[in-house]
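S.K.: sequence isn't available, so here's the structure alone:
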C-alpha cells in the first residue's frame, strides 16, 4: 500500500473531528472522498498532510511503508505527498514563479525551466502572471489552475485534491481534469500507473473527466461506506447522504 | 547682516536649543563631540576609499565606481571629502558651502520647509551654521526642463566614535525637470556610538519630479534624527522611499510634504525591519493644501527581537478635491518586540477623500502551512513570508533605477 491509515482519531482545538478512520490506497489508484459539509473531509486531508493544528490522538498514517504520523508537513511533502487547496491564502511578495522554482527544485537565480514554462502556457498563464504574488487577487479559476500548476512542478507520488472543480467553468474543468490526469498517471494503462490520488468532491462533476477506482463516504468523522464511485454517487444523488447514514447503521 | 539673521533664523534656533522633540527619546547632544568642519582631506576618486568603506557604501546604494550615476557626494563626519559634479549636464551636485558661494539666492531656500526652532536638533544644526557658516551637507539641483534618469548618489558616513554629524541639504527640481536621488547613510565598522542630524529641504517647482530613495545602515548605538521638509508646487510629484533593516539605537523622523501646488502628488513608501533593541519611530506626513493634490503613505514594518517600531502616518486635507490614502502593515515576530501603528487622517474641508488601512499582527499560520505544504521547511517559510511582506513594489522610479532599488531592497532583506 502507498498510503495506509489505521484507526485514526483527530482532534482540532480539543474537539474530536475524526473518530476511527481506516483507509488504504494502493499505488496507481485514484480514490474519491465524499461526504456532507462538516463531515471531516478537509480535516482528513490536512491531517495526512501534517498541519500542526490537527492533533492525532489515536492511530497512524503510513506512507510508502513508513510511519509519517509524527513527521512535519515539509518532511511528508519531501517523501512525495502533494495537495491542491480549495481556498489557499494569498502571500504578499511571494510570486508564483518563485514557488514553481522551489517546487521543481530549481536554483532561484536560474530562469524557470522550459517544462514549467510550457505547462504554465498550457494552463493559460501568461509569463507576467507568474510574477504576481501567489493567490493575491486571483479569480477562482486562476487559484485552481495555479494549484495544479504547482503540483505539476512537484509531481508528487500521492496527491490530494480539495474540490479542484468548485467555482471553475466547464471549459476549464476539462483543462484541469486533463492535468489532474497527468498527476495521476491516467495517460498510462491501468496496470502500469504509479501515482495515486485522493479527490474531495461535492458534486462529483470532476468524475466525468477523471476516472476513480474507489469512493469513500465520510460522515461524522467515520468512513461509513466504500465502494464503486459511480454507484455510490448515484445513490447519494437519489437518497442524499442520509442514505449513507442508514447504510452505515446497517453495517 | 546676512539674510538668515534678518529672518531671525539664529534667534529662533537659540531659543529652541533645549527644546525637546515632540516624538522620540530625548538625546543628550552634549554626549557627542562636535567635529571641525572639513577636517578631513578631500579624495580624488571614490575608488581611493578602503575596501571596507566601499562595501559599507555599497550596502546603502552608493556605488564607488559611480556606474549609472549622474553625480556623487560623500560627507564623512563633518567633512565633504568627495563631490562629482561633472557627470550630467542636467544636474548640479555641490557641497553646501560651494553652492552658497556660487548662488546668492540659495540662502532663501535655507530653513524654509524645516524650521530652525522645530526642536533642539534643528536648533543645534542652525547654531553650528551660525558659528561656522553653512558648510556641511549637499546641494543638488536639476536644471529647468531636463530629465536625467540616472540618480545622484549622496552619502553621509560616520567614521569615528561619539561624533555628532550634522548636515543641511537642499534639493531643488527646477520647472519641468526630473531628479532622482539615492542617499545612503552608514557608519564605519569600528563605530559604536554616534549621532546624526540631517536637515533636508526639498523644493519641487511646477511640473517637476523628485524621487528620493534612502537606505539607512547605522551601527547599533547611533542616534538618528533626520528632519525633512518638502515643498511641492503645481503638478509636481515627489516620491520618497525609505529602507531600514539594520539595528540602530533610536531613530526618529517625520518627514513632511507640503502639497501647496495644484495637482501635486506626494508618495512615501517605507520598509522598516526592527532588530535587537532598536527603537524606530518613522512617520510620513502629507499636507494636502491645494486642489487636486494627492498623498499616499505606505509602510511595511517587521519587529523582531526586542525592537520597538512606531509606524506613523498623517494626512491632512485642508481644501476640497484632494485625495489621500494611508496604508500601514506590520508583523510582530517576537513577544518582546512591538509595533505601534498610528494612522491619522485629518479633514478640514468638505468634498475630499481620505482613507486608511492598518493591520498589525503575527505571521499568518495559514501562509506558513501553505508554504510547508510545498515542501518548504517551516523556518524558511517564515523568512520567505517576512521578506515577501517587506518587499513591496516601489512605484514611480525609472526602469534602471527601479531595478537597482530592487537590488538594494533584496540586499537589505538578506539578513531578515
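M.R.: Happy to help now that I have it. No experiment lies behind these values; they were computed from the predicted model shown. Numbering: from 1, shown residues only, chains lettered A, B, ... in the order given.
S.K.: scan chain A for its longest helix.
M.R.: helix A:229-250 (DSSP state H).
S.K.: centre of the chain versus that helix, how much separation?
M.R.: 22 Å (Cα atoms, centre = their mean, to the nearest Å).
S.K.: does anything pack onto it? Which helices or strands?
M.R.: For helix A:229-250, the elements it packs on are strand A:30-34, strand A:214-219, strand A:222-227, judged by 3 or more Cβ pairs under 8 Å, 6 or more residues apart in numbering or on different chains; DSSP states H and E. Every residue, glycine included, has its C-beta placed from N, CA and C.
S.K.: what is the burial count for residue A:208?
M.R.: 11 (other Cβ atoms under 10 Å in any protein chain shown).
S.K.: one more: the one 4 residues further on?
M.R.: Residue A:212 has 21 neighbouring residues, counting by other Cβ under 10 Å.
S.K.: A helix includes it, no?
M.R.: No - applying DSSP: H, G, I helix; E, B strand; the rest coil, one finds residue A:212 to be coil, outside a helix.
S.K.: does it really touch residue A:227, like I thought?
M.R.: No - if you go by Cβ atoms under 8 Å, residue A:212 and residue A:227 don't touch, sitting 11.2 Å apart.
S.K.: and stretch B:45-65, end to end?
M.R.: Stretch B:45-65 has an end-to-end distance of 9 Å (Cα to Cα, to the nearest Å).
S.K.: average pLDDT for that stretch?
M.R.: For stretch B:45-65, mean pLDDT is 89.
S.K.: what pLDDT does residue 223 get?
M.R.: No chain specified, so I'll use chain A. Taking residue A:223 on its own, its pLDDT is 93.
S.K.: that's the wrong chain, I wanted chain B
M.R.: 95.
S.K.: repeat for residue A:246
M.R.: Residue A:246 is given a pLDDT of 68.
S.K.: ok, the one 3 residues further on next?
M.R.: Per-residue confidence (pLDDT) for residue A:249: 53.
S.K.: can you give me the helices in the stretch 301-416 of chain B?
M.R.: Under the criterion DSSP state H, counting those that start in this stretch, the stretch 301-416 of chain B carries helices at the ranges B:365-372, B:378-390, B:399-413.
S.K.: residue A:133 contacts residue A:89, correct?
M.R.: No - the criterion here is Cβ under 8 Å, and residue A:133 misses it with residue A:89 at 10.9 Å.
S.K.: how about residue 156, secondary structure?
M.R.: Going with chain A. Per three-state DSSP, residue A:156 ends up coil.
S.K.: that's the other chain; I wanted chain B
M.R.: Residue B:156 ends up strand, using three-state DSSP.
S.K.: what is the neighbour count of it?
M.R.: So residue B:156, with other Cβ under 10 Å, has 28 neighbours.
S.K.: residue B:45 too?
M.R.: Neighbours of residue B:45 (other Cβ under 10 Å): 11.
S.K.: next one: the closest residue to it other than its chain neighbours relative to residue B:154, how far apart?
M.R.: In space, and not counting its chain neighbours, residue B:45 is closest to residue B:82: 7.9 Å by Cβ to Cβ, 6 or more residues apart in numbering or on different chains. Separation of residue B:82 from residue B:154 (Cβ to Cβ, to the nearest Å) stands at 11 Å.
S.K.: again, but for residue B:327
M.R.: From residue B:327 to residue B:154 the distance is 28 Å (Cβ to Cβ).
S.K.: show me where chain A has its strands.
M.R.: A:3-12, A:15-25, A:30-34, A:54-63, A:66-67, A:81-84, A:158-162, A:196-200, A:214-219, A:222-227 (DSSP state E).
S.K.: now those in a markdown table, with distance to residue B:129 and mean neighbour count?
M.R.: Shown next, in a markdown table, are those (distance: least, Cβ to Cβ, whole Å; neighbours: other Cβ atoms under 10 Å in any protein chain shown):
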| stretch | distance to residue B:129 | mean neighbour count |
| --- | --- | --- |
| strand A:3-12 | 66 | 18 |
| strand A:15-25 | 69 | 17 |
| strand A:30-34 | 76 | 24 |
| strand A:54-63 | 66 | 17 |
| strand A:66-67 | 73 | 11 |
| strand A:81-84 | 65 | 26 |
| strand A:158-162 | 67 | 25 |
| strand A:196-200 | 72 | 25 |
| strand A:214-219 | 77 | 23 |
| strand A:222-227 | 81 | 18 |
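S.K.: reformat the ones you listed as CSV; add distance to chain B.
M.R.: Formatted as CSV, those follow (distance: least, Cβ to the nearest Cβ, whole Å):
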stretch, distance to chain B
strand A:3-12, 13
strand A:15-25, 17
strand A:30-34, 18
strand A:54-63, 10
strand A:66-67, 16
strand A:81-84, 6
strand A:158-162, 10
strand A:196-200, 15
strand A:214-219, 21
strand A:222-227, 23
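S.K.: now residue A:32, which residues is it bridged with?
M.R.: Residues in a beta bridge with residue A:32, per DSSP bridges, are residue A:199, residue A:215.
S.K.: is it true that it touches residue A:199?
M.R.: Yes - using Cβ under 8 Å, residue A:32 is in contact with residue A:199, at 5.0 Å.
S.K.: any common contacting residues for those two?
M.R.: A:207, A:212 (Cβ atoms under 8 Å, 6 or more residues apart in numbering or on different chains).
S.K.: burial measure for residue 87, as a count.
M.R.: Here I'm looking at chain A. Neighbours of residue A:87 (other Cβ under 10 Å): 12.
S.K.: please go with chain B instead
M.R.: 16.
S.K.: hang on, isn't it packed against residue B:73?
M.R.: No - Residue B:87 is beyond contact range of residue B:73, at 11.4 Å (criterion: Cβ under 8 Å).
S.K.: ok, for the residue in chain A positioned nearest to chain B, nearest residue in space, not its chain neighbours?
M.R.: Residue nearest to chain B within chain A: residue A:93 (2.5 Å; Cβ to the nearest Cβ). Distance criterion Cβ to Cβ, 6+ apart; nearest residue to residue A:93, sequence neighbours excluded, is residue B:388 at 2.5 Å.
S.K.: residues contacting that neighbour?
M.R.: Residue B:388 touches A:91-94, A:133, counting by Cβ under 8 Å, 6+ apart.
S.K.: quick revisit: for residue B:276, which of the helices and strands packed on helix A:229-250 is the nearest?
M.R.: Among these, strand A:30-34 comes nearest to residue B:276, with 49.1 Å by Cβ to Cβ.
S.K.: report the angle between that closest one and strand A:3-12.
M.R.: 30 degrees (axes from the mean of the first three to the mean of the last three Cα atoms, to 10 degrees).
S.K.: deepest-packed of the helices of the stretch 301-416 of chain B, please.
M.R.: Among the helices of the stretch 301-416 of chain B, helix B:365-372 has the highest mean neighbour count (mean count of other Cβ atoms under 10 Å in any protein chain shown), at a mean of 21.
S.K.: the helices and strands packed on helix A:229-250 into a markdown table, with extra columns for distance to residue B:281?
M.R.: Listed next are the helices and strands packed on helix A:229-250 as a markdown table, based on distance: least, Cβ to Cβ, whole Å:
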| stretch | distance to residue B:281 |
| --- | --- |
| strand A:30-34 | 53 |
| strand A:214-219 | 54 |
| strand A:222-227 | 57 |
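S.K.: okay then, goodbye and thanks.
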